[in-house]
Structures are given as structure tokens and as C-alpha cells.
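Asks: What follows is a predicted protein model with its sequence.
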Amino acid sequence: MATVNNIIAGETIFRLSIMAALVVQIGHIFIPLLLYRLLSPANKTLAIYMVVFMLVSIPITMLNELNNFAILYLVNGNITSTVVSPEQIGNWVLFFHSLHETGIFIAEIFWGLWLIPMGWLIIKSELVPKLLGYALLIVALSYVADFFMGMLLPQLGIEITGVVGFLEILFPLWLLIKGVDAEKWQVKEQHSVV
């Protein structure tokens, strides 16, 4: 029941977290398309895989927010108390919270898969240091490993991405601070068009 009370007390924050999750996913529609434009001269096929894997994760993640909406319905009394006891509501809240975590778990497969072609494209493009591509490959493998370990060995409770996930931010930081070698990119783009 403490979870229900915490959600009720912080309902605005809970609603904002749902909105933020949805807005982030809308942004994820455009990010891979921009990266496609940047990295496709290195290899168009890998760039297409990168875009597809990220785009597949978006509806999974957005639909997963339905679990959080279900929690809101439960804690706001949209289920009459004559039908369901407060204890049962608490159990249902925990159930939908667990389903939400599982939905994120499923989306992580595609978050890892989109980083694999992106990492290789960064390495092949020579527009930024190759180390950034290798960092993304490490994170990609951690997402995929987390999924398989969670499915096959859930009792271990090991999460590799929690340890190496910070590496994922290095590439966007590089783009924001340093950018890419524009001359190299123009040459590569001209050769890819020909």
C-alpha cells in the first residue's frame, strides 16, 4: 500500500514521467534518421539496420506506458472499492509496475541491436574517433546480454548495462562538443552517391 500512497502523493511527477517517456520516443524517430544521413556513406545497409532497430523499439516503449496509465487508473479510484479491496489495488499496481519493467526489458533488445550497426558505422566512417564506435559496441552487447541473462538466469539479478551504460553518452557528447570532420564527410558522401 506504501507504493500506492507514494504514487498518489507524487501523481504529478508520475504523470510527467509518462509524458517524458513518450516525448523521448518521439525524438527517437528523428535521431536515427539524422544519424543515417551522417553515417550512411560508410555503409548504407548497416545504416538501414541501425534505423530499423531503433524504429522497432519505439512502439514497444510507447505502448509499454499503458502499464503506467493502468497504475494511474487504479490509484485514482477508477475501480470501485466495492469490487476491489485496497490490498488488491496495491497488488495490481505492483503487477502493472512489473509489466512496465518487463516492457523496458523487451525494448532493450532493440536498444542494443541498433547500437551494433551504429558502432560499426562509426568505426568505418572515420569521422570521429573509432574508440567511440567500440564503446557503443560494448554497450550494445551489454543490452543484449542483460536480456538473455534476465530471461535465462533471472535469479542472478545481474545487469551489465548499469556498469557500462555511461559509454553510450560519449558519442552524442562528441557530436555536440567536437562535431565531425566535415571535409571527410563530404568526400565520403560524394563517393557513396557515385
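Replies: Thanks, I have the structure now.
Asks: Apart from its neighbours in sequence, what residue is nearest the residue nearest to the spatial centre of the chain?
Replies: Note on the chain: the residue nearest the mean C-alpha position is residue 111, at 5.1 Å, using CA atoms, centre = their mean. For residue 111, ignoring the flanking residues on the chain, the nearest one in space by CB to CB, 6 or more residues apart in numbering is residue 143 at 5.2 Å. C-beta coordinates here come from the backbone N, C-alpha and C atoms, glycine included.
Asks: other SSEs contacting the strand or helix carrying that neighbour?
Replies: Remark: residue 143 resides in helix 130-152, with elements defined by DSSP states H and E. The criterion is 3 or more CB pairs under 8 Å, 6 or more residues apart in numbering; DSSP states H and E, and the helices and strands that helix 130-152 contacts are helix 86-125, helix 161-164, helix 170-177.
Asks: which of those helices has the lowest average pLDDT?
Replies: Taking each of the helices and strands packed on helix 130-152 in turn, the lowest mean pLDDT turns up on helix 161-164, with a mean of 85.
Asks: Report how many residues lie close to residue 28.
Replies: 18 (other CB atoms under 10 Å).
Asks: Help me confirm that it comes into contact with residue 59.
Replies: No - taking CB atoms under 8 Å as the definition, residue 28 is not a contact partner of residue 59, at 10.7 Å.
Asks: For the helix or strand of the chain with the lowest mean pLDDT, what is the distance to the chain centroid?
Replies: Taking mean pLDDT, DSSP states H and E as the measure, the chain has helix 182-193 as its least confident helix or strand, at a mean of 71. Relative to the mean C-alpha coordinate of its chain, helix 182-193 is positioned 30 Å out (CA atoms, centre = their mean, to the nearest Å).
Asks: Count the neighbours of residue 49 for me.
Replies: A count of nearby residues for residue 49, using other CB under 10 Å, gives 18.
Asks: ok, residue 116 - contacts?
Replies: Neighbour list for residue 116: 49, 53, 137, 140-141 [criterion: CB atoms under 8 Å, 6 or more residues apart in numbering].
Asks: What's the separation between it and residue 65?
Replies: Taking CB to CB, to the nearest Å as the measure, residue 116 and residue 65 are separated by 26 Å.
Asks: Residue 140 now?
Replies: Distance of residue 140 to residue 65, computed by CB to CB: 24 Å.
Asks: okay, these two: which has more neighbours?
Replies: For residue 140 against residue 65, the residue with the higher neighbour count under other CB under 10 Å is residue 140, and the figures read 24 against 17.
Asks: Not including adjacent chain positions, what is the nearest residue to that one?
Replies: Using CB to CB, 6+ apart and skipping residues adjacent in sequence, the residue nearest residue 140 is residue 115, 3.5 Å away.
Asks: Does the one you found touch residue 138 like I think?
Replies: No - between residue 115 and residue 138 there is no contact, the gap being 9.1 Å when judged by CB under 8 Å.
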